[in-house]
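Visitor: Next come a sequence and a model predicted from it.
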Amino acid sequence: MAFALDKVVPWGRSYEEYVRMFNLTERELEGRILGCGDGPASFNAEATQRGHSVISCDPIYQFTAAEIAQRIDEAYQQVIDQLGKNTEDYVWDLMPTPEAVGQTRMAAMRRFLDDFPRGVKEGRYVDASLPYLPFQDKEFDLALCSHFLFLYTEQLSQEFHLDSIIELCRVATEVRIFPLLNLGVNISAYVAPVTAALEQRGGRVEFRRVPYEFQKGAHTAMYIVS
């Protein structure tokens, strides 16, 4: 039975996970970074605390911290139940059980919720949705998209994926997307045609293994330089 969600759910990861998912170096972390579709991840909060420059954008930021917390609570058990039904599709070395995953994710999301009101005032959390972003051309050195594009292949069209990546390439010098697998733990059917379309437009696309794997086989990120 494959992991199944009928819509994108608020589910956040930590700074350390972002560093591993995108294989970020200290030098890269010193640049101006956009986290697109960050949702309730604590990457922005923790990066800011470390003195880095990160802007996160997501349509969920139109809501208050209390409203986002309610949405997290509504999604939590659904995600944990799905993990429990599909344990063979995951690597349990760092988080040995679905409950441990829940505890780890909730710790990251609580950190986000604590930071969110201040971050909104400081302009670090921006209510925006792909495929149109309210940023200037090449405003960022690096744009990161975690667990959104390709993961939700069944919910989002190929055209949406291509338009979104083109937009990310507009606002950032380099774009990285992780993972390339869909919720069913298979390589997204969009990876090959989207790659071909990006290369046809003059983009340079590479696939690099990263030091992170939770979904089995989800250990590779797409790097795009336009």
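Guide: Everything's here; your move.
Visitor: Surely Gly203 and Met222 touch.
Guide: No: when contacts are counted by Cβ atoms under 8 Å, Gly203 is not listed as touching Met222 (10.6 Å). Placement of C-beta: from N, CA and C, glycine included.
Visitor: who has more neighbours, these two?
Guide: Met222 (22 against 16; other Cβ atoms under 10 Å).
Visitor: give the contact list for the most centrally placed residue in the chain.
Guide: When Cα atoms, centre = their mean is applied to the chain, the residue found nearest the centroid is Ser146 (1.7 Å). When contacts are counted by Cβ atoms under 8 Å, 6 or more residues apart in numbering, Ser146 touches 13, 18, 21-22, 35, 37-38, 41, 178.
Visitor: mind putting the residues you listed in CSV, secondary structure and neighbour count included?
Guide: Formatted as CSV, the entries for the contacts of Ser146 read as follows, by DSSP: H, G, I helix; E, B strand; the rest coil; neighbours: other Cβ atoms under 10 Å:
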residue, secondary structure, neighbour count
Arg13, coil, 24
Tyr18, helix, 26
Met21, helix, 25
Phe22, coil, 25
Gly35, strand, 25
Gly37, coil, 24
Asp38, coil, 28
Ala41, coil, 28
Phe178, strand, 28
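Visitor: thinking again about what came up before, distance of the residue nearest to the centre of the chain relative to Glu159?
Guide: If you measure Ser146 against Glu159 using Cβ to Cβ, to the nearest Å, the figure is 21 Å.
Visitor: Name the next helix or strand downstream of the helix-or-strand element of the chain with minimal mean pLDDT, please.
Guide: Per-element confidence for the chain was summarised using mean pLDDT, DSSP states H and E. The lowest value among helices and strands belongs to helix 65-85, with a mean of 92. Beyond helix 65-85 on the C-terminal side, the first helix or strand identified by DSSP states H and E is helix 98-121.
Visitor: which is the next helix or strand following that following helix?
Guide: strand 125-126.
Visitor: Mind listing the strands that next one pairs with, and their directions?
Guide: Using DSSP bridges, the neighbouring strands of strand 125-126 in the sheet come out as strand 53-57 (parallel).
Visitor: ok and the strand it pairs with relative to helix 98-121, angle-wise?
Guide: Using axes from the mean of the first three to the mean of the last three Cα atoms, to 10 degrees, the inter-axis angle of strand 53-57 relative to helix 98-121 is 100 degrees.
Visitor: Relative to the whole chain's centre, how far out is strand 53-57?
Guide: 12 Å (Cα atoms, centre = their mean, to the nearest Å).
Visitor: any idea how this structure splits into domains?
Guide: Under the assignment automatic domain parsing, the domains of the chain span 59-127, 138-226.
Visitor: can you name the farthest residue from the center of this structure?
Guide: Computed with Cα atoms, centre = their mean, the residue of the chain farthest from its C-alpha average is Gln200, at 25.4 Å.
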